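[1] Sequence first, predicted coordinates after that:
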Amino acid sequence: MACRITELVLDSRDPERLAEFWCEVLGYVVLDRYEGSIEIGPEEGFGGLQPTLILSPTDNPKTGQLPLHIDVNPTDRDQDAELERLLSIGARPADVGQTGEESWHVLADPEGNEFCLLRRRLNG
């Protein structure tokens, strides 16, 4: 038997704001709040095929280019429309040395955590 990823933990100055942002990005809901941390995930809750995200409070989160980052794919629209939506909810372009020829967009969430919007569209 092997392991699978069930949770991703992201340190945050403002877990409420990041929970709101990532719920909007991923179509997640708030599952739990505990000692300042907020766990968000799919409506069916913890243990499903998709990992949950735990936004953990800290006064000094690491930001920018982290050793691990999140990639997202549009599920119900093309990449350009999804890029426009993500920018409208608080994402901003991030420069990590792209050439401009990439098929993905590098963005940052409201606290500066980088993530990529990939091109292919997945079925919801």
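    Received it, and whenever you're ready, just let me know what you need.
[2] From now on I want contacts and neighbour counts done on CA atoms only, so please keep to that.
    Fine.
[3] after the host helix or strand of residue 31 comes which helix or strand?
    Element membership for residue 31 (DSSP states H and E) is strand 29-34. Per DSSP H and E, the first helix or strand lying C-terminal to strand 29-34 is strand 37-41.
[4] Name the residues that touch that next one?
    Outside strand 37-41, the residues that touch it by C-alpha atoms under 8 Å, 6 or more residues apart in numbering are 15-16, 19, 23, 28-33, 50-57.
[5] ok, now stretch 12-20?
    Counting by C-alpha under 8 Å, 6+ apart, residues outside stretch 12-20 touching it are 30, 36-40, 55-61, 109-111.
[6] if you set the cut-off to 6 Å instead, what comes out?
    55, 56, 57, 58, 59, 61 (C-alpha atoms under 6 Å, 6 or more residues apart in numbering).
[7] who's in contact with the third one?
    In this case it means residue 57. Taking C-alpha under 6 Å, 6+ apart as the test, what residue 57 contacts is 11, 12, 13.
[8] where do the helices sit along this protein?
    15-26, 79-88 (DSSP state H).
[9] Compare those helices and give me the one nearest residue 100.
    helix 79-88 (14.7 Å; C-alpha to C-alpha).
[10] Out of the contacts of residue 57, give me the one that has the most neighbours.
    Top of the contacts of residue 57 by neighbour number is residue 12, holding 23 neighbours under the definition other C-alpha atoms under 10 Å.
[11] Give me the buried entries from the contacts of strand 37-41.
    Neighbour-count burial (16 or more other C-alpha atoms under 10 Å) applied to the contacts of strand 37-41 gives 15-16, 19, 23, 28-31, 51-57.
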